[in-house]
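Novice: Quick one, structure for this:
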Amino acid sequence: MTEFTFKSIGKIKTPYREKFCIPRQAGLVPNVKGTIELEREFSSPGITAGLEGFSHIWILFVFHKNLNKNWMPTVRPPRLGGNKKKGVFASRSPFRPNLIGMSILELDSIEEKNGKVYLHVNSPDMMDGTPILDIKPYIPDNDIKKNARHGWLDNAPTDSKFPVTFSQQALDFLKKEKREMLKDQIEAILCLDPRPPYYRMNPKDRPKEDFAFGFDDFDIHFKMVDGVFLVTWIEFLAEKS
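Specialist: Sure thing, here's the model as predicted:
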């Protein structure tokens, strides 16, 4: 068996402070920004020359929070409700023999500052601090295959979008802090139901559990009530410390 060693060329900064509630693919939660900061070694002049003309880029990255996790030959894709198994190579599970992920991100701009290169991207699906392995231009003529088949996804149920509502505390917080975009971002994340798949299998058997996730400088608390996600409380991290 051949082994390889790779260097990360940089890291991405995103508002997602933990794995929970990260969208399962890029582009699902609009109005969320990310920045890829290249290491100084890979910020040589001209290294991104020509890339600015592309609207989207391929990003290869490492699922670095899964380094101590074991992979399995079969997985339970969330699109099948978590109750059917498929081969790991027929899925996009983050638990893989090699912890490599890939995403297509919209490229907003490229900036050079203090001897480093920064790529500003839109709607990422990566945790803050994710190591980046490579960047390639997305070429529609080559990367879009018109006759491609969808495999088991042809019979997978269509994702439902759930309504999202806010408690009075959450509304007052968003109004006071003038966080209109934060409200839109929370709605976009929760409407896709970020809970583990087993909560969707038998919703009547599940209690109305409270959940929370870290997003940017905030902790967002929510629960499901009668088929609606209720944002119960929003905290500003500076106020907790």
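Novice: Only C-alpha atoms from now on, for both contacts and neighbour counts.
Specialist: Will do.
Novice: How about residues contacting stretch 88-96?
Specialist: 63, 66, 69-75, 77, 100-101 (C-alpha atoms under 8 Å, 6 or more residues apart in numbering).
Novice: From those residues, which land in strands?
Specialist: 74-75, 100-101 (DSSP state E).
Novice: if we can go back for a sec, closest one of the contacts of stretch 88-96 to residue 138?
Specialist: Within the contacts of stretch 88-96, the smallest distance to residue 138 is 15.6 Å, found for residue 101 (C-alpha to C-alpha).
Novice: Check that closest one and give its pLDDT.
Specialist: Listed pLDDT for residue 101 reads 96.
Novice: That one reaches residue 62, doesn't it?
Specialist: Yes - between residue 101 and residue 62 there is a contact under C-alpha atoms under 8 Å: 5.9 Å.
Novice: Got a ChimeraX select line for the buried ones in the contacts of stretch 88-96?
Specialist: Buried residues among the contacts of stretch 88-96 (16 or more other C-alpha atoms under 10 Å), as a ChimeraX selection:
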select :63,71,75,77,101
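Novice: Of the contacts of stretch 88-96, just say which sits nearest to residue 227.
Specialist: residue 77 (21.9 Å).
Novice: Phi first, then psi, for the closest one.
Specialist: With angles defined as degrees, to the nearest 10, residue 77 sits at phi -60, psi 140.
Novice: residues touching it, list them.
Specialist: By C-alpha under 8 Å, 6+ apart, the neighbours of residue 77 are 84-86, 91, 93.
Novice: okay, the ones in strands among the contacts of stretch 88-96 in TSV with distance to residue 183 next?
Specialist: As requested, those are exported to TSV (distance: C-alpha to C-alpha, whole Å):
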residue	distance to residue 183
74	37
75	33
100	32
101	29
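Novice: What is the burial count for residue 9?
Specialist: 19 (other C-alpha atoms under 10 Å).
Novice: residues contacting it?
Specialist: Contacts of residue 9 (C-alpha under 8 Å, 6+ apart): 38-39, 41-42, 131-134.
Novice: For PyMOL, write the selection for the buried entries among those residues.
Specialist: Command for PyMOL, covering only those of these found buried under the criterion 16+ other C-alpha under 10 Å:
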select buried, resi 38+39+131+132+133
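Novice: Can you tell me the element the residue nearest to the spatial centre of the chain falls in?
Specialist: The centroid of the chain falls nearest to residue 125 when counting by C-alpha atoms, centre = their mean (2.1 Å). Using DSSP states H and E, residue 125 falls within no helix or strand.
Novice: If we ignore the residues flanking it in sequence, what's nearest it?
Specialist: residue 26 (4.7 Å; C-alpha to C-alpha, 6 or more residues apart in numbering).
Novice: pLDDT score for that neighbour?
Specialist: 94.
Novice: secondary structure class for residue 146?
Specialist: coil (DSSP: H, G, I helix; E, B strand; the rest coil).
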